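Undergrad: Just the structure for this:
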Amino acid sequence: MIDPSLLKAFITMMAAVGGLSLLLFILKKKAHHRTVHIDPSLQTLSIDSRVNVSPKSQVAVVKYGEKKYLLGISEQSINLIADVSEKPAHVHADNPIPASSGSAIHSTDISPNDISFAAFIKSITKRDFNKN
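TA: As a prediction, the model looks like this:
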């Protein structure tokens, strides 16, 4: 009928598979308890806006909690340009430009020593309307 050595080998193999399955089950249970559960209310990272500067780089405003950051993003790196959470202190009282308006930027708003990102954007987008 059935060879006793073959039956013994089959039972040994089934015991080994059962033992490994039990070990895997125990390890999975212990690993599950070590997982850090993050409160969903703490996950407040979002991208407010994004502008492509070139095909593989962009500037983005990222909101984390109550803070907003201006980031430069490229294939190789992500750089913090500025913390834009607070309103800038150097708003010109005589010629404020609301963020939602589409008005042209005047060259008088840029001082020659201003090295901020806003001044850079203003300098590359200013137009000379006196040319004919």
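Undergrad: Identify the residues contacting the residue lying closest to V61 once chain neighbours are set aside.
TA: Nearest residue to V61, sequence neighbours excluded (CB to CB, 6 or more residues apart in numbering): D48, at 4.3 Å. Every residue, glycine included, has its C-beta placed from N, CA and C. Shown in contact with D48 (CB atoms under 8 Å, 6 or more residues apart in numbering): 60-63, 68.
Undergrad: doesn't D48 fall inside a strand?
TA: Yes: under DSSP: H, G, I helix; E, B strand; the rest coil, D48 falls within a strand.
Undergrad: Show me the shaky parts of this structure.
TA: 32-43, 87-114, 126-132 (pLDDT under 70).
Undergrad: From S77, how far out is the residue nearest to D83 when sequence neighbours are not counted?
TA: Excluding the flanking residues, the one nearest D83 by CB to CB, 6+ apart is Y69, at 5.8 Å. Y69 sits 15 Å away from S77, going by CB to CB, to the nearest Å.
Undergrad: So which of these two has more stuff around it?
TA: Between Y69 and S77, Y69 has the larger neighbour count (other CB atoms under 10 Å), namely 16 against 8.
Undergrad: Enumerate residues external to whichever strand or helix holds the more buried one that contact any of its residues.
TA: Element membership of Y69 [criterion: DSSP states H and E] is strand 67-73. Outside strand 67-73, the residues that touch it by CB under 8 Å, 6+ apart are 48, 57-63, 78-85, 117.
Undergrad: Now intersect these with the strands, please.
TA: 48, 57-63, 78-83 (DSSP state E).
Undergrad: Are any of these buried, and if so which?
TA: The neighbour count (16 or more other CB atoms under 10 Å) marks 59-63 as buried among the ones in strands among the contacts of strand 67-73.
Undergrad: mind putting the residues you listed in JSON lines, distance to P4 included?
TA: Listed next are these as JSON lines, based on distance: CB to CB, whole Å:
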{"residue": "V59", "distance to P4": "77"}
{"residue": "A60", "distance to P4": "72"}
{"residue": "V61", "distance to P4": "76"}
{"residue": "V62", "distance to P4": "71"}
{"residue": "K63", "distance to P4": "72"}
